[in-house]
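[1] Compute the structure for the input listed below.
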Amino acid sequence: MAKHLGRKVILAKDGTPIANVRTKSLSINRELVDSSDDDSGAWATHLDEPGQIDVSISVEGVISDHAIMGDALNPATGNETYTLTYPDTGVVSASFGLSSFALEDTYNDLSTYSFEMRASGEVTYTAPQ
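    Numbering: from 1, shown residues only. The predicted structure follows:
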């Protein structure tokens, strides 16, 4: 995998980069299905395919406007297409729903936000060409 600066990884919503993002984190959880039985002895065994794959993105950034808080509070806000573009590594894309949102206003420091999104449906990975 090529080395790159974190700020070169771009999070975009419907093709438009999210403003003022500082930290992006992608997590993939492959839930293993236990297939252990008496014939396994003391060893755990699992099916070759996961029972469920859960993908989430965590984001932290600096507040420049409160449009994102409006989205977080709007009950009509649903799953939307987000992409994470990694330089020389590829693109991860899916429909993500906002699962949590927080604002932090520390005395004598920048106001920041953080949120987590969870994928709904298939997540695609496109390798660089």
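[2] quick one: low-confidence parts of the protein?
    The chain contains residues with pLDDT under 70 at 1-2.
[3] Which strand residues bridge Ala119?
    Taking DSSP bridges as the rule, Ala119 bridges to Phe96.
[4] roughly how far apart are it and His66?
    Distance, Ala119 to His66, using Cβ to Cβ, to the nearest Å: 26 Å. To be clear about C-beta, it is placed using only N, CA and C from the backbone, and glycine gets the same treatment.
[5] Neighbour count: these two, which is higher?
    Neighbour totals were compared for Ala119 and His66, and Ala119 leads with 20 against 13 (other Cβ atoms under 10 Å).
[6] surely that one meets Ser93?
    No. Assessed by Cβ atoms under 8 Å, Ala119 is found out of contact with Ser93, at 9.7 Å.
[7] Double-check that Arg7 belongs to a helix.
    Yes. Membership of Arg7 in a helix is supported by DSSP: H, G, I helix; E, B strand; the rest coil.
[8] what about it, neighbour count?
    Counted by other Cβ under 10 Å, the residues lying close to Arg7 total 10.
[9] can you pull up the bridge partners for the residue nearest the centre of the chain?
    Central residue of the chain (Cα atoms, centre = their mean): Ile57, 1.4 Å from the mean position. Here Ile57 shows beta-bridge partners Leu26, Met117, assigned using DSSP bridges.
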